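> Model the following, please.
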Amino acid sequence: MNVTPELVEQDDGGRLIKKIVALEAILAKPGEIVADDQGREFVKIASAST
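Take a look at the predicted model:
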């Protein structure tokens, strides 16, 4: 996703970027790493099958 001036204006103290990273992590393949703007890394784990 490209960061546009409009997105920056709508970002409320970093809340928007956190939501974007969370969405990317949800959409990622299991084992894929997603990093936020502060370098924190999130790894998607495989969901448990029932």
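> Strands of the protein, start to end?
Secondary structure of the chain (DSSP state E): strands located at 33-35, 41-43.
> Mind checking those strands for the one nearest to residue 4?
Each of these has some distance to residue 4 by C-beta to C-beta; the shortest is strand 33-35, at 20.1 Å. In this view, the C-beta of every residue, glycine as well, is placed from N, C-alpha and C.
> Identify each buried residue in that closest one, please.
Within strand 33-35, the residues that count as buried by 16 or more other C-beta atoms under 10 Å are residue 34.
> Tell me the strands beside it, with direction?
strand 41-43 (antiparallel) (DSSP bridges).
> Tell me which residues of the strand it pairs with come out buried.
Quick answer for strand 41-43 (16+ other C-beta under 10 Å): residue 42.
> Which residue, other than its chain neighbours, is closest to the residue nearest the centre of the chain?
Central residue of the chain (C-alpha atoms, centre = their mean): residue 21, 0.9 Å from the mean position. Closest residue to residue 21 apart from its sequence neighbours, by C-beta to C-beta, 6 or more residues apart in numbering: residue 36 at 4.4 Å.
> The one you found: neighbour count?
16 (other C-beta atoms under 10 Å).
> Run through the residues that contact it.
17-18, 21, 42 (C-beta atoms under 8 Å, 6 or more residues apart in numbering).
> do that again at 7 Å, thanks
Residue 36 makes contact with 17-18, 21, according to C-beta atoms under 7 Å, 6 or more residues apart in numbering.
> Ok, residue 19 next?
So residue 19 contacts nothing (C-beta under 7 Å, 6+ apart).
> try 10 Å this time
residue 11 (C-beta atoms under 10 Å, 6 or more residues apart in numbering).
> and what of residue 32?
Per C-beta under 10 Å, 6+ apart, neighbours of residue 32: 24-25, 42-44.
> Please repeat the previous calculation with a cut-off of 6 Å.
residue 44 (C-beta atoms under 6 Å, 6 or more residues apart in numbering).
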